[in-house]
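*Asks:* here you go, sequence then predicted model.
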Amino acid sequence: MLPTSLLSNSTVTTVAGAAALLLVVLIILSTLGALVTFTIVVIANRADPDPTGKRPLAAYLFGGSFVTLAITYAALVSLAFTIIDLLGSHSSDPSSHAVNAYSDSVVRSLVLGTIVTLIAGYAYLIHRKRGIALAESDDDASSPSKRVLRGYVAAISFLTTVIVILGSIAFFYVIFQLIAPGVFMAAGSRVDSLKTLLDDVVVVGLAALIFRSHQALVPADQRLFAGLRSTPSAE
């Protein structure tokens with residue numbers, strides 16, 4: 001996850017700078033998405049017969065779901081980080097001629113984050129809905145499209161599990177920094193530590209919600225926690 005300072009400080013104070021940062025993120029996510037799509041197809045075993053010819057479309061839909069979900073997640077985290085960073089006092093950027101340089105930077109970050117969230121989120125919902133409908137159109141539980149769905153769920157579940165574990169470790173360590181800042185070498189004030197703690201809550205909380213919603217797409221016996229409630233089209 002990108003730290004708050006990279007998402008809302010003076011290094012991204014122009015639209016061009018924000019666009020360049022967004023382009024880099026999109027390239028990284030697109031590359032990762034291509035790798036995940038390949039992994040999903042491999043898990044679905046493309047060597048098996050595909051009489052309906054749905055496997056390529058299923059791979060595209062769920063690969064697109066992965067990429068657009070990752071972009072939406074990053075944009076939501078960026079929005080949350082920008083809002084959380086408003087806590088505490090802030091000095092104006094001396095290199096800027098604007099009277100409210102920091103406020104302008106916050107507005108730009110919020111607008112850009114909102115635009116990306118709306119566009120990527122809408123694309124994600126479309127890809128997810130079409131992908132699930134395609135998989136559910138096959139009655140055979142071992143059909144290629146259903147295996148692609150399960151591969152997609154497995155990939156998302158794995159990544160969100162890693163995020164939750166690492167984020168939780170950081171969360172509890174920051175708590176100790178708040179309790180004993182000297183012992184645990186806390187950087188900055190308690191307000192800074194509190195903002196870091198809230199950042200971790202957002203990162204872990206969103207990842208946990210994504211994990212839960214995707215685990216519900218597969219039958220109960222294939223979930224990490226069998227007690228998770230299924231979505232209407234999961235089974």
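*Replies:* Cool, got the structure.

*Asks:* show me where the chain has its helices.
*Replies:* 4-8, 15-43, 55-84, 101-136, 144-179, 190-215 (DSSP state H).

*Asks:* for residue 222, find the nearest of those helices.
*Replies:* For the helices of the chain, the distance to residue 222 is smallest for helix 144-179, at 6.9 Å, taking CB to CB. The C-beta positions use only the backbone N, C-alpha and C, and glycine is treated the same way.

*Asks:* pLDDT (mean, whole number) over the closest one?
*Replies:* Mean pLDDT, helix 144-179: 87.

*Asks:* and the angle for it with helix 55-84?
*Replies:* Inter-element angle recorded for helix 144-179 and helix 55-84: 20 degrees (by axes from the mean of the first three to the mean of the last three CA atoms, to 10 degrees).

*Asks:* low pLDDT regions in this protein?
*Replies:* Per-residue confidence for the chain (pLDDT under 70) gives these ranges: 1-52, 88-102, 184-186, 188, 226-235.

*Asks:* make it 80
*Replies:* For the chain, the stretches flagged by pLDDT under 80 are 1-55, 88-105, 138-143, 180-193, 220-235.

*Asks:* circling back: out of the helices of the chain, which is the most enclosed?
*Replies:* Stretch with highest mean neighbour count among these: helix 55-84 (a mean of 22; mean count of other CB atoms under 10 Å).

*Asks:* elements contacting it?
*Replies:* With contacts defined as 3 or more CB pairs under 8 Å, 6 or more residues apart in numbering; DSSP states H and E, the secondary structure elements packing on helix 55-84 are helix 4-8, helix 15-43, helix 101-136, helix 144-179, helix 190-215.

*Asks:* quick one: closest of the ones you listed to residue 65.
*Replies:* Judged by CB to CB, the one of the helices and strands packed on helix 55-84 that comes nearest to residue 65 is helix 101-136, at 4.2 Å.

*Asks:* ok, back up a step: any chance of TSV for the helices of the chain, columns distance to residue 223?
*Replies:* Written out in TSV, the entries for these read as follows (distance: least, CB to CB, whole Å):
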stretch	distance to residue 223
helix 4-8	33
helix 15-43	17
helix 55-84	18
helix 101-136	16
helix 144-179	9
helix 190-215	5
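
*Asks:* CA atoms only: put stretch 162-182 into PDB for me.
*Replies:* Extracted as PDB, the C-alpha positions of stretch 162-182 are listed here (Å, rounded to 0.1, in the frame of the first residue of the first chain):
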ATOM      1  CA  VAL A 162      -2.000 -11.400   2.600                       C
ATOM      2  CA  ILE A 163      -3.100  -7.800   2.900                       C
ATOM      3  CA  VAL A 164      -5.200  -8.500   6.000                       C
ATOM      4  CA  ILE A 165      -2.300 -10.400   7.700                       C
ATOM      5  CA  LEU A 166       0.400  -7.700   6.900                       C
ATOM      6  CA  GLY A 167      -2.000  -4.900   7.700                       C
ATOM      7  CA  SER A 168      -3.000  -6.400  11.000                       C
ATOM      8  CA  ILE A 169       0.600  -6.800  12.000                       C
ATOM      9  CA  ALA A 170       1.200  -3.100  11.200                       C
ATOM     10  CA  PHE A 171      -2.000  -2.200  13.100                       C
ATOM     11  CA  PHE A 172      -1.000  -3.900  16.400                       C
ATOM     12  CA  TYR A 173       2.500  -2.600  16.200                       C
ATOM     13  CA  VAL A 174       1.300   1.000  15.900                       C
ATOM     14  CA  ILE A 175      -0.900   0.400  19.000                       C
ATOM     15  CA  PHE A 176       2.300  -0.400  20.900                       C
ATOM     16  CA  GLN A 177       3.900   2.800  19.400                       C
ATOM     17  CA  LEU A 178       0.900   4.800  20.800                       C
ATOM     18  CA  ILE A 179       1.300   3.100  24.200                       C
ATOM     19  CA  ALA A 180       5.100   3.500  24.400                       C
ATOM     20  CA  PRO A 181       6.400   5.800  21.600                       C
ATOM     21  CA  GLY A 182       9.900   5.900  23.000                       C
END
